[in-house]
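Peer 1: With the sequence up front, the predicted model follows.
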Amino acid sequence: MAVVLSVLLLFCFCFGFHVDDVTGTSGHTAGVFSWYNKFSMMNIDELNGLETGIRNAIKDNLMSELMSFPETGIVSTVSPGCIKDTANFPIQALDAFGKPRSGILRENFAWLGNFHECTSLGTYQHCVADMQINAPMNNGTTNLTVPISWGICMPKSCSEDDIEILIKQLDVPFFHLNREPQTGKSDKPPGVVHCNQIPAKSYDAGFICVVTLSSILGFLMLLGAAVDVYIRWFESPQNINGYQTIDNSPVDSKSERTPLLTGGTPNDSVHVEVQRHNQTPKKQGFLTRFLLCFAVNRSLEKLLNAKQGDKSVGCLNGIRVLSISWVILAHSIFYPMNERMYDDTIEFYAMIQRLDFTVIVKAEYAVDTFFLLSGCLLTYLTLGKMAHTNGKLPWGLFYFHRFWRLTPVYAAMILFIIFLDPYIGSGPLWYRYIDHPSCEKYWWRNLLYISNFFPKSEMCMDWSWYLPNDMQFFVISPFILILLHKVPKVGAGLLATLTAISIIIKASLTAKYGMGGGVFGAGGVAGAYWDKIYDKPWTRISPYFVGMAVGFIMVRRPHLRMRPIVVLCGWVLASAVGLVVIYVVNNAFYRDWSLAEQGIYNGLGSFTWASCVGWVILACKNGYGGWINTFLSWNFWVPVGRLTYTVYLVHPIILRNILFSISNPYSGKIIPMTTTFTGGIVLSHMVAFVFALAIEFPFANLEKLLIPSNVAKKYSEKERKEQA
C-alpha cells in the first residue's frame with residue numbers, strides 16, 4: 001500500500017560506452033548494457049591486462065610528454081606567453097593534473113585532478129580536455145572507445161586553443177583528443193578543451209539588473225513588514241482598517257480553482273472572516289496596500305499556518321509532499337549518471353536492475369500523480385463553486401488567476417538561471433553548466449506555456465515541461481466542466497471518451513517509436529521518445545482526466561458510503577495493480593520488450609497508476625483511509641506542501657549546482673546517494689522558502705490590486721445570494 005500512496009518524475013535514460021565492432025557484427029542488446037555484455041565475454045585476465053596496459057601506457061608517458069612541451073617545435077603556433085610559462089611547471093601544477101584512475105572498464109571516465117590545488121596557484125587555471133582511449137580488446141576483434149574527462153592545470157597565459165595544440169603533440173599510446181561531445185545533457189557547445197574561470201563569467205548588465213531587482217524585492221519585504229507592524233501596534237491594536245481578522249479557515253478555500261503542485265497561495269491557504277466594528281474604518285491608500293502585499297511577516301504567517309478545515313481533503317497534502325520527494329530522489333540519483341560522473345557505472349547499472357530499485361526507475365509516475373491532483377482539485381473546487389452560481393463563473397478571471405499564479409516564480413527562475421546561477425559555484429565541470437543558450441533564446445516559449453511543442457534541445461529548464469502541459473489541460477477544462485455541471489452524463493461520457501483516445505494515441509506512438517533508452521532493449525527510434533511522446537499533451541492527459549473524474553465523484557457524492565467488502569477489495573486491488581504497474585518494468589532488464597509490449601504498457605501505465613491513486617483519495621476523503629489517511633493528512637504536510645510548486649522548479653538547479661561543483665566522481669553506493677538526496681531536498685526547500693516569501697506570496701497578494709474591485713464585488717455578492 002505504501003508504494004501506491006507514494007507518488008514519486010522523469011524517467012532518466014542510461015548512457016553507456018560505445019563499442020565499434022571491427023568484425024562487422026553488432027550486439028543485439030541496445031543502450032547502456034551493451035558494454036556490460038561485451039566485458040562479460042572476456043575472462044578476468046583479459047580485463048585486468050587491458051586495464052593495466054591502458055593505465056601504464058598513459059601513466060608512463062604522460063608526465064614526460066608534458067615536460068617536453070617547450071621542445072616540441074611548435075612555438076610558432078602557440079602564444080609566446082604560454083610557451084614561456086609551460087617551460088617550468090611547478091610541482092603543485094603537475095600534482096593537480098588528473099591521473100589515470102582504476103576502473104576504466106567500469107566507466108570511471110573522470111580524471112579531474114585537483115581543481116582547488118590548481119586554482120590556488122593564482123597564475124594557473126584548471127581546464128578539462130575531452131579525451132578518448134582507443135585500445136584493442138577480445139584479442140583484437142573489437143576496439144574499446146572510452147571518453148575521458150581529463151583535468152589539467154595550465155598557465156592562464158594559455159588559451160583553450162593553445163592547450164589543444166599542445167595536447168595534440170602528446171605521443172601517448174591509446175590517448176587522443178575526442179571531438180565528440182562528452183554528454184548530451186550539457187548546454188555547452190561541443191569542444192575539446194574547456195578552461196574554468198573564477199568568476200565563471202564577467203559581471204554583465206543582466207547580472208547587475210537581476211541583483212538590483214532582488215535587492216528591491218528584499219527592501220519591499222522589510223518595508224512592508226515595518227508598515228504592517230506600525231498599523232498593528234500604533235494605529236489600532238485590536239483591529240486593522242476597522243476589521244478584526246479571525247484566522248480559522250481551511251487550506252483548501254473555495255477561492256482556489258487552479259491548484260498545481262502546491263497546497264495553495266496566500267489567497268486560499270488562509271481564509272479570513274471579517275467582522276465589522278461600529279467605528280468608521282480608516283481606508284488604506286493604494287501605496288499602503290501595495291507595501292503590505294510584500295510584508296514578509298504576513299507571508300510567513302500564511303506559509304506556516306497548518307490549520308485544516310472540516311471540508312478539506314487533507315490526504316492531498318501528504319501525497320503532494322511524497323510526490324515531490326520521489327522526484328528529487330530520482331533526479332539526485334540519475335543526474336550524475338547522465339553526466340557520466342559515477343566512479344563505477346557498471347555497478348550502478350547492476351544496481352538499478354534490482355527489483356527494489358525499480359520504484360526509482362519508474363519515478364515517471366510522480367508526474368502522472370501531479371496531473372491527477374491538478375485535475376481532481378480543479379474539478380472539485382470549480383464544480384462546487386458552480387453549484388452556488390448556477391454554473392456561471394468569471395472565466396476571464398479564471399484564466400488570469402491561473403497565469404498569475406504560476407508565472408512570476410517561473411519567470412524569476414529563468415532570470416536566476418541565466419544571470420545569477422553561473423556565479424553560484426565553481427569546479428572542474430562547472431563549464432558545462434554556466435551557459436544556457438536555450439533559455440537566452442527561447443525563454444518566451446516557457447512564459448507562453450508552449451515549450452513542450454518544441455524539441456527538448458531547445459527547451460529552457462527542460463524539467464519544467466510539466467507546466468505547459470498542465471496549463472494546456474487547464475485551458476480546455478472549462479468546456480468539460482460546463483458539461484459536467486449542466487449535463488453530467490454527457491460530460492462523464494466525454495471524459496471517458498477523451499481518456500480512451502489519449503491512451504490509444506500514447507500506445508500507438510510508443511509501438512511506433514519505442515520507449516527509448518537501453519532498459520527496453522532493441523527496437524524503436526533513438527531519441528524520439530521525448531520529442532514524440534514523453535512531453536506531449538495528447539499522451540499525458542489521461543491522468544488529468546482521471547483526476548477530473550475523481551473530483552466529479554467527490555462533488556456528486558460528497559458522503560460516499562461503501563460496504564466493508566467493497567473497501568477491502570478496493571484497497572487490495574489498488575495496491576496490487578499499483579505494485580504491478582511499477583515493478584513489471586524490472587522484467588525488461590532481462591528480456592527485450594517488443595514494440596507492441598512497450599506500447600501496451602506505456603499506453604495503460606499512466607492511466608492505471610492514476611486510477612490507483614484516485615482510489616486512495618476517494619477512500620481517504622470518505623473515511624475509509626484509516627492510519628494511511630491519518631499519516632497523509634498530518635498537519636506537518638500543510639506548510640511543506642505550499643512550497644511544492646517552487647521546490648519543483650528549483651530542485652534541479654540545486655542538484656546540478658552540487659553535481660557540477662564536485663572535484664571527484666560520485667560514489668554509486670547507497671549511503672553517498674542518500675546523502676546527496678538528503679542535501680538536495682533540504683536545500684531545495686530552503687531556497688523555495690525564500691522564493692515563496694519574496695515572489696510567490698507577494699504576487700498572489702498583488703492579484704487583489706490588479707482585479708477590478710467592482711468585478712470581484714459583483715461576483716461575491718452573487719455567490720452569497722445563491723448560498724442564501
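Peer 2: Everything's here; your move.

Peer 1: what sits against Arg289?
Peer 2: Leu705 (C-beta atoms under 8 Å, 6 or more residues apart in numbering). In this view, the C-beta of every residue, glycine as well, is placed from N, C-alpha and C.

Peer 1: Need phi/psi at it.
Peer 2: Dihedral pair for Arg289: phi -60, psi -30, per degrees, to the nearest 10.

Peer 1: do Val128 as well
Peer 2: phi -120, psi 120.

Peer 1: One more: Lys392?
Peer 2: Torsion angles, degrees, to the nearest 10, at Lys392: phi -100, psi 130.

Peer 1: Can you give me the end-to-end span of stretch 550-562?
Peer 2: 16 Å (C-alpha to C-alpha, to the nearest Å).

Peer 1: and what of stretch 664-671?
Peer 2: 17 Å.

Peer 1: again, but for stretch 153-163
Peer 2: By C-alpha to C-alpha, one end of stretch 153-163 lies 10 Å from the other end.

Peer 1: which other residues reach it?
Peer 2: In contact with stretch 153-163 (C-beta under 8 Å, 6+ apart) are residues 78-79, 81-82, 84-86, 93-94, 96-97, 113, 117-118, 121, 123-127, 129, 152, 166, 191, 193-195.

Peer 1: ok, of the residues you listed, which come out buried?
Peer 2: Restricting the contacts of stretch 153-163 to buried positions leaves 78, 82, 85-86, 93, 96-97, 113, 117-118, 121, 124-127, 129, 152, 166, 193-195, with burial counted as 16 or more other C-beta atoms under 10 Å.

Peer 1: Could you say which helix or strand holds Gly641?
Peer 2: Per DSSP states H and E, Gly641 falls inside helix 637-642.

Peer 1: go on, Asp228?
Peer 2: Secondary structure assignment for Asp228, by DSSP H and E: helix 205-230.

Peer 1: hmm, back to that, return the subset of the contacts of stretch 153-163 lying in strands.
Peer 2: Among these, the members found in strands (DSSP state E) are Tyr124, Gln125, His126, Cys127, Ala129, Ile152, Val193, His194, Cys195.

Peer 1: Can you tell me which of the residues you listed is nearest Ser663?
Peer 2: Ser663 has its nearest neighbour among the ones in strands among the contacts of stretch 153-163 in His126, at 9.4 Å by C-beta to C-beta.

Peer 1: That closest one and Leu659: what is the separation?
Peer 2: For His126, the distance to Leu659 (C-beta to C-beta, to the nearest Å) stands at 17 Å.

Peer 1: For Pro478, see how far away Phe219 is.
Peer 2: From Phe219 to Pro478 the distance is 40 Å (C-beta to C-beta).

Peer 1: who's more crowded, the two?
Peer 2: Pro478 (15 against 11; other C-beta atoms under 10 Å).

Peer 1: what's the closest non-adjacent residue to the more buried one?
Peer 2: Trp395 (6.0 Å; C-beta to C-beta, 6 or more residues apart in numbering).

Peer 1: ok, that neighbour - how many residues close by?
Peer 2: 10.

Peer 1: next one: phi and psi at it?
Peer 2: Torsion angles, degrees, to the nearest 10, at Trp395: phi -60, psi -30.

Peer 1: secondary structure class for Trp150?
Peer 2: Following DSSP: H, G, I helix; E, B strand; the rest coil, Trp150 is assigned to strand.

Peer 1: List the residues that contact it.
Peer 2: Counted by C-beta under 8 Å, 6+ apart, Trp150 has contacts Gly98, Trp111, Gly113, Val128, Ala129, Asp130, Met131.

Peer 1: So Lys512 belongs to a helix, correct?
Peer 2: Yes - counting by three-state DSSP, Lys512 is part of a helix.

Peer 1: wouldn't it be in contact with Gln598 here?
Peer 2: No - using C-beta atoms under 8 Å, Lys512 is not in contact with Gln598; the gap is 10.0 Å.

Peer 1: so where do the strands sit in the stretch 151-300 of the chain?
Peer 2: 175-177, 193-195, 243-247, 272-276 (DSSP state E, counting those that start in this stretch).

Peer 1: now the stretch 401-550 of the chain
Peer 2: Counting by DSSP E, counting those that start in this stretch, the stretch 401-550 of the chain contains no strands.

Peer 1: where in it is pLDDT low?
Peer 2: Counting by pLDDT under 70, the stretch 401-550 of the chain has low-confidence residues at 516-527.

Peer 1: One more: the stretch 51-200 of the chain?
Peer 2: Ranges of the stretch 51-200 of the chain meeting pLDDT under 70: 51-76, 105, 135-144, 171-191.

Peer 1: phi, psi of Arg557?
Peer 2: According to degrees, to the nearest 10, Arg557 has phi -130, psi 70.

Peer 1: got it, and Ala700?
Peer 2: According to degrees, to the nearest 10, Ala700 has phi -60, psi -40.

Peer 1: and it, how far is that from Val409?
Peer 2: Using C-beta to C-beta, Ala700 is found at 10 Å from Val409.

Peer 1: for Ala350, same thing?
Peer 2: As defined by C-beta to C-beta, Ala350 lies at a distance of 40 Å from Val409.

Peer 1: of the two, who's got more company?
Peer 2: Neighbours per residue (other C-beta under 10 Å) separate Ala350 from Val409, with Val409 holding more: 23 against 15.

Peer 1: State the mean pLDDT of the next helix or strand after the helix holding Gly641.
Peer 2: Once the chain leaves helix 637-642, the next helix or strand it forms, by DSSP H and E, is helix 644-661. Mean pLDDT, computed over helix 644-661, is 92.

Peer 1: Report the backbone C-alpha coordinates of helix 644-661 in PDB.
Peer 2: Extracted in PDB, the C-alpha atoms of helix 644-661 (Å, rounded to 0.1, in the frame of the first residue of the first chain):
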ATOM      1  CA  THR A 644       5.900  22.100  -3.600                       C
ATOM      2  CA  TYR A 645       5.500  24.200  -6.700                       C
ATOM      3  CA  THR A 646       8.600  26.300  -6.000                       C
ATOM      4  CA  VAL A 647      10.500  23.200  -4.900                       C
ATOM      5  CA  TYR A 648       9.600  21.600  -8.200                       C
ATOM      6  CA  LEU A 649      11.100  24.500 -10.100                       C
ATOM      7  CA  VAL A 650      14.200  24.900  -8.000                       C
ATOM      8  CA  HIS A 651      15.400  21.400  -7.100                       C
ATOM      9  CA  PRO A 652      17.100  20.600 -10.500                       C
ATOM     10  CA  ILE A 653      19.100  23.800 -10.100                       C
ATOM     11  CA  ILE A 654      20.200  22.800  -6.600                       C
ATOM     12  CA  LEU A 655      21.100  19.300  -7.700                       C
ATOM     13  CA  ARG A 656      23.100  20.500 -10.800                       C
ATOM     14  CA  ASN A 657      24.900  23.000  -8.700                       C
ATOM     15  CA  ILE A 658      26.000  20.200  -6.400                       C
ATOM     16  CA  LEU A 659      26.900  17.900  -9.400                       C
ATOM     17  CA  PHE A 660      29.000  20.400 -11.300                       C
ATOM     18  CA  SER A 661      30.800  21.700  -8.300                       C
END
